[in-house]
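Asker: next comes the sequence, and after it the predicted model I'd like to discuss.
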Amino acid sequence: MLRLRKNNKPEKEPEKEPAPRAEQVADEAAPEEAKQAVETVAAEPKEGAGAGASLRDRNQLQALRTRLHKKLFDRLNLEEIEVDSPEHREQVRQVLSDLCEEEQTLLDYRGMQRLVQDVHNEVFGLGPLEALLSDPVISEIMVNGPKQVYVERGGGLEVTDVTFQDNAHVLQIIDRIISPLGRRCDETSPMVDARLKDGSRVNAVIPPIALDGPSISIRRFGKKRITIEDYLNFKSIVPEMIEFLKAAVIAKLNVLVMGGTGSGKTVLLNNLSGFIPSKERVVTIEDAAELSLQQPHIVRLETRPPNIEGRGEVTTRDLVRNALRMRPERIIVGEVRGGEALDMLQAMNTGHDGSMTTLHANTTRDAISRLETLIMMSGLELPIKAMRNQISSAINLIVAQSRLQGGARKVVKITEIQGMEGDVITTQDLFEYEQQGVDQNGKAYGRFVCTGMRPKCLERLDAYGVGLDPELFTRRVLMKDSELSKG
């Protein structure tokens, strides 16, 4: 049980002037503002209206939340609260309910419960963000300062009426996210990457580089893990492509997953890793741990930023080099974005077949060009032909994921790297999605096709016992969006 603070008498508050009733506020307001100061709650409060307030003035409602929070702190020793204790959570909720009843407001029962929940979230969770994080339909949350919060729902952006008290409140939530991870965000290090408990990716930027106040971007990973079956249901891929990718992973082809921001690269990498045989040892390397592999033999490594003295930094490149000494059979890098690209390619070329990574790029050719640029960032001045030889011998498949107009995410291309012709890396598209237009709802539609080209890796698939029927690669339309809808 939580202990009451000393000299605190919860059954009787210290004598002081009672909080003004809403009617009094209205009476004291200017005549033209009186009608705007108070409002009773409708039977069905507006969706997402914070605590379900009956007070139209947000400042009054925020002041009420702050007052409840202070009274809770005065009544209980919040330093003793265990966040994961159901008993403590229930005790705090009960005390909040009692305090809320003591307040003389025009909040109805539902409004009071929402108010209690808001303060409860401040104590145990991420404050105003908790209501958004509990909505499974929301895929991204964007906080642009304390008074503007956007979400992505159903592929489109929309503004919410969720707000924070001030910049300090947003900074407090940022600190609550990053502190358990041993990271910091202050004036000397005003940007930070982090993650939530469910694996959702978090980026925070604070003043002085964020001019309009602290900014938080959360890319959510839902509580329910997206599976290959979900990909089929979402019309993101077809069975023939899955069959080929599964065989390629089992046969230890090195795979590069590419796409733009928010296209779903990490989710796709998660699903491809599900095809790795359970007996193999896998080492994962990430900036902020997001991958959720299901294999039993996994070692997870995460980078570390420098401390306040500028020491102790551990980069992705450091971890890739160290992973080579850990006897991995496969190495999975969450994303290559610097000189670690060279180390990753060398690992793929030196006995760590079946490794995977992701890369930001819009087309297959762009992905190859970007890899060349990242190799240059390693500090080694390699001839362009040597770099391309490294890429062509290391990467076997490039899988392109894209977010189309209307929010649909699809695997738009599977490309095989076939080798070098002179100084040029040769590639061949095996499967692709052809967009044919946009429907009346603003959503892209098209069809999945097989290009008719037979991959060079068929012999390798046979050697690993996962040979595929050559007829799988016959040129044809695999399925149209309309047919997928019927299925």
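Answerer: Okay, I see it.

Asker: using CSV, list the CA coordinates for stretch 118-131.
Answerer: Extracted as CSV, the C-alpha positions of stretch 118-131 are listed here (Å, rounded to 0.1, in the frame of the first residue of the first chain):
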residue,chain,number,x,y,z
ASP,A,118,-6.0,11.9,-17.8
VAL,A,119,-4.3,12.5,-14.5
HIS,A,120,-3.7,8.7,-14.1
ASN,A,121,-2.0,8.7,-17.5
GLU,A,122,0.2,11.5,-16.3
VAL,A,123,1.3,9.4,-13.3
PHE,A,124,1.7,6.0,-15.0
GLY,A,125,2.0,6.7,-18.7
LEU,A,126,2.8,9.2,-21.4
GLY,A,127,0.2,11.8,-20.5
PRO,A,128,-1.9,13.1,-23.4
LEU,A,129,-0.3,10.5,-25.8
GLU,A,130,-1.9,7.5,-24.0
ALA,A,131,-5.3,8.1,-25.5
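
Asker: any buried residues in it, and which?
Answerer: By neighbour count on 16 or more other C-beta atoms under 10 Å, the buried set for stretch 118-131 is 118-131. Heads up, the C-betas are built off the backbone N, CA and C, glycines and all.

Asker: what is the burial count for Ile391?
Answerer: Neighbour count of Ile391, defined by other C-beta atoms under 10 Å: 21.

Asker: quick one on the thing from earlier: ok, so of the buried residues of stretch 118-131, who is nearest Thr373?
Answerer: Using C-beta to C-beta, Leu129 is the member of the buried residues of stretch 118-131 that lies nearest Thr373, at 36.1 Å.

Asker: in this structure that closest one contacts Ile138, no?
Answerer: No - contact criterion C-beta atoms under 8 Å: Leu129 and Ile138 do not qualify, at 10.4 Å.

Asker: beta partners of Glu140?
Answerer: Applying DSSP bridges to Glu140 gives these bridge partners: Glu152, Arg219.

Asker: meant to ask about Asn144, not that
Answerer: Going by DSSP bridges, Asn144 forms beta bridges with Ser215.

Asker: relative to Gly213, how far out is it?
Answerer: 8 Å (C-beta to C-beta, to the nearest Å).

Asker: who's more crowded, the two?
Answerer: Gly213 (19 against 16).

Asker: now do the domain split for this structure, please.
Answerer: The record's domain parsing of the chain by automatic domain parsing lists 1-124, 126-224, 228-486.

Asker: including mean pLDDT, could those go into a markdown table?
Answerer: Below are the domains of the chain laid out as a markdown table (pLDDT from 0 to 100):
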| stretch | mean pLDDT |
| --- | --- |
| domain 1-124 | 56 |
| domain 126-224 | 88 |
| domain 228-486 | 90 |
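
Asker: how about Val205: which residues does it bridge to?
Answerer: Following DSSP bridges, Val205 is listed with bridge partners Met191, Ser215.

Asker: number of nearby residues for Asp175?
Answerer: What Asp175 shows, counting by other C-beta under 10 Å, is a neighbour count of 14.

Asker: so which strand or helix has it?
Answerer: Per DSSP states H and E, Asp175 falls inside helix 167-178.
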